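> My questions concern the predicted model and sequence given below.
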Amino acid sequence: MNALKIAGLSVACALSSSALAQSVTVWGGLGTEAYFVPTATLGLSADVAKFSGVRVGVRGSAGLALLPFEASAPGPLTLLGADVLFSGASGPLNAYGGPSVAFVPGGGGVVMVGAVGGVQGQFGAGALGWFAEGKLRYAFASGVGTGLVLPGATIGVTYRF
């Protein structure tokens, strides 16, 4: 019982002390969302916890995807997403990954769930950096019996506050 109390107090102290990261990052990139569908994304992440050298952050993003094969498309498709990112430094690079979800507002209830992972680095010692990531999501729509596996990739820049 004492070990359980000590473990609980340790977690509480880690969350309430300086171990709780205060870092906010802006992400901007170009890539693909579903196979070859070009997409521009803009996101904002914040670190929410740190445990034994592993940071835990949440990232929200918005994207615009162009449908080049659909001549009657009214314009870019809007995507809203959220990711939980587990990350840790590996030399000059920061590897990250975690679960991911996105949906298309007004798009017939299209939801995408899966995972994202990548690497992040800095340009020198400043706040400006870069990232390269891949994602694999399963998309499904309400009322449709089957879904579709959608791989994608993004490269871009970051700015850490």
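Here it is on my side, so go on.
> Show me the shaky parts of the chain.
1-22, 69-74, 90, 107 (pLDDT under 70).
> show me where it has helices.
Assigned helices in the chain, in chain order: 2-16 (criterion: DSSP state H).
> Show me the residue at the heart of it, geometrically.
residue 83 (3.9 Å; Cα atoms, centre = their mean).
> Distance of that one relative to residue 68?
26 Å (Cβ to Cβ, to the nearest Å). The way it works is simple: take the backbone N, C-alpha and C, and place the C-beta from them, glycine included.
> Ok, residue 41 next?
For residue 41, the distance to residue 68 - Cβ to Cβ - is 17 Å.
> If you count surrounding residues, which of the two has more?
residue 41 (20 against 10; other Cβ atoms under 10 Å).
> Quick one: residues contacting the more buried one.
Residues near residue 41 by Cβ atoms under 8 Å, 6 or more residues apart in numbering: 27-31, 61-63, 79, 81, 154, 156.
> any idea how far residue 37 is from the closest residue to it other than its chain neighbours?
Residue nearest to residue 41 in three dimensions, not counting chain neighbours: residue 63, with 4.0 Å by Cβ to Cβ, 6 or more residues apart in numbering. Using Cβ to Cβ, residue 63 is found at 10 Å from residue 37.
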